[in-house]
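Trainee: I'll drop the sequence and a predicted model, then ask my questions.
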Amino acid sequence: MMAPAPPGLLYNYYGDDFTGSTDVLEALETHGVPTVLFTHPPTDLEIRAFPGCRSIGIAGESRSRSPEWMTENLPQVFARMRALGAPVNHYKVCSTFDSAPEVGSIGRAMELGRVAFDAEFVPVVVGAPQLGRAVVFGNLFAAAEGVMYRIDRHPTMRQHPVTAMTEADLRLHLAKQTPTRMGLVDLAAFQAGRAQEQLQSQLASGAEAIVFDGCGDATLDETARLLWERAIERALFAVGSSGLTYGLLRHWRRLGCIDTVLQSEPPAGVDRLLVLSGSCSPITEKQIRRAAQDGFVALHMAGSEHRAGPEQRNALWKTQSARALEALAQGRSVVLYTALGPQPLNPTDLEHGEEFGAALGNRLRELLLISGVRRVVVAGGDTSTHAVKQLGLDALTFAAPLSPGAPLCRGHAVGSPLDGLQLVLKGGQIGPEAFFVQVRDGR
C-alpha cells in the first residue's frame, strides 16, 4: 500500500552553507512544493508571513564550523526543526561531501541529529545525478568538465583549501569524524530488488547510519520510497545532497502528494550586475575571466593568502570599492574576486576565513546601498555564508531558474532598503563559463 502524505509540512531542511540551501529551495519550488528559506530558525510568526508553505529551510554555516560550534548550536536548530513536525528532516550537505574532523564535520552533525530526533538510524544519501555525482559501493564520484572522477582524485576537491577530500569511501571518510557504526545499501542490492532486505539486515547488525548508493534516478527513487515509508510513521533525520530531495519529489508525485510543476521562465535582464567571489574553484576562475572578456570590470580584492593586516586590507578595499562604484555608475557590471583558481592548502585558517568573509559582506552591503544595484551574485560556499549574513536578510524565496543549483532568489527584510534584493548564491563548481553574463542578461 502506498504511503500518503500527511497534511502540513512535507519536508524541512538545514543547509550547512547558504549555496547548498538555495539549491534545495530551487528543487522544491520548481516541483510544486512552496518553500521559504530562512537565515535563522524561524518563529511561528515569521512562518505565518509565508502562508501555504510545505517546506521550511534554514540556511546555516556548519560547513565552515568546528565540532565544538556544532555541539553548541545545532541541537537548538534540530529541536526547532523537530517541533515543526515534518516527516522528513534533511541535514543538507554539498554533493562533494567535503568535510573534515576539525571543520564541517558531517559525522558530528549526524551524531547530534540522531539524538535530537531520537532516530533509529541516519540515512546518508549523497548521489545527485543532476549535478554529476554518484555513489557506487560506498565510493563517491563527481564530474569535472564532463569527466567522472573518484572524489579523492577530483582535480578540485582533492585539493580543497580547507576540506580536501582524500578518501572516496564515505564510510571510511565518516569514520574519521564519528564512531557511529556505518552500514551500506549497495548497488548490487538495488539491481537485484533487494534494497529493503539489505537495509533490514544492516539495521539488525547494529548500523546506526547507512550510506545508500546512488548512481541514477532509479536507485534514488527506490531509496526515497524506502525512507518515506519510514518517515510517515516516525520523523526521519537524514544527511545528504539534493539528490535525496529530487528522489523524494519524484516519489511524492507518484503518490499524488504534489501535482504542479512550476513552469518558470528565465528572469528579465538587468543593466548592472555586481558579483562577489571568494571561490577558489577553476570553474569560477573561468567564469570570472569570461565575464572580463564580456565587458565586466574585474577587480581583485586581495584574498586571505596575502595575510594583509586590517589597515592594509582596508586601504586596498577602499581603492577597489571606489573603482567598482565608478564602473557601476557608468552602467557597467563588476566582479570583485579574492582568488583565481586553487590556492595553497590552509586548513588552520578558519577564524581568518570567517572574519574575511564577514568583512567582504560588509563591503558588499555598502556597495549595494550606494550604487542601488538590485541583482548580485555571491560565489563560493563559505563566502556566501559569511557575506550574506551581513546583508540583514531574514529569508529567501525562489524567483527564477538560471543554472541547476544556482537559482535567482528574492531577499526578504522588512523595513530594509535591501528588501526585494535579487541574489544568486553560487557554489564554486556550479554553472557554465558564461554564467555571470547569463545572470545579468537573464538568459
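Mentor: Yes, it's here.

Trainee: rest of the way, CA atoms for contacts and neighbours
Mentor: Will do.

Trainee: and the longest strand for this protein?
Mentor: Longest strand of the chain, by residue count under DSSP state E: strand 395-403.

Trainee: same for the first helix or strand past it going along the chain, what does it pack against?
Mentor: Tracing the chain C-terminally past strand 395-403 and defining elements by DSSP states H and E, one meets strand 406-412 next. Packed against strand 406-412 by the contact rule (3 or more Cα pairs under 8 Å, 6 or more residues apart in numbering; DSSP states H and E) you find helix 18-30, strand 395-403, strand 422-426.

Trainee: Can I get the ones you listed in CSV including mean neighbour count, mean pLDDT and distance to residue 125?
Mentor: Listed next are the helices and strands packed on strand 406-412 as CSV, based on neighbours: other Cα atoms under 10 Å; pLDDT from 0 to 100; distance: least, Cα to Cα, whole Å:
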stretch, mean neighbour count, mean pLDDT, distance to residue 125
helix 18-30, 26, 92, 14
strand 395-403, 22, 94, 23
strand 422-426, 26, 94, 22
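
Trainee: between these, which gets nearest to residue 324?
Mentor: If you check each of the helices and strands packed on strand 406-412 against residue 324 by Cα to Cα, strand 422-426 wins as the nearest, at 18.0 Å.

Trainee: Identify the residues contacting the helix or strand that that closest one is followed by?
Mentor: Where DSSP H and E defines the elements, the next helix or strand beyond strand 422-426 is helix 435-441. With contact meaning Cα atoms under 8 Å, 6 or more residues apart in numbering, helix 435-441 is reached by 268-273, 275, 287-288, 291, 294, 375, 377, 402-403.

Trainee: Next: stretch 127-135.
Mentor: By Cα under 8 Å, 6+ apart, stretch 127-135 touches 95-96, 126, 140-143, 148, 212-217, 220, 241-244, 404-405.

Trainee: Same question for stretch 49-65.
Mentor: Against stretch 49-65 from outside (Cα under 8 Å, 6+ apart): 8-18, 21, 25, 28, 33-41, 69-70, 93, 99, 103-105, 350, 382, 385-386.

Trainee: Please identify the buried residues of the longest helix anywhere in the chain?
Mentor: Criterion DSSP state H: the longest helix present in the chain is helix 350-371. Neighbour-count burial for helix 350-371, counted by 16 or more other Cα atoms under 10 Å, picks out 350, 353-354, 356-365, 367-368, 371.

Trainee: mean confidence for that helix?
Mentor: For helix 350-371, mean pLDDT rounds to 81.

Trainee: I'd like to know which elements that helix is packed against.
Mentor: helix 310-329, helix 381-388.

Trainee: Just want the angle from the first one to helix 350-371.
Mentor: So the one you mean is helix 310-329. Computed with axes from the mean of the first three to the mean of the last three Cα atoms, to 10 degrees, the direction of helix 310-329 lies at 30 degrees from that of helix 350-371.
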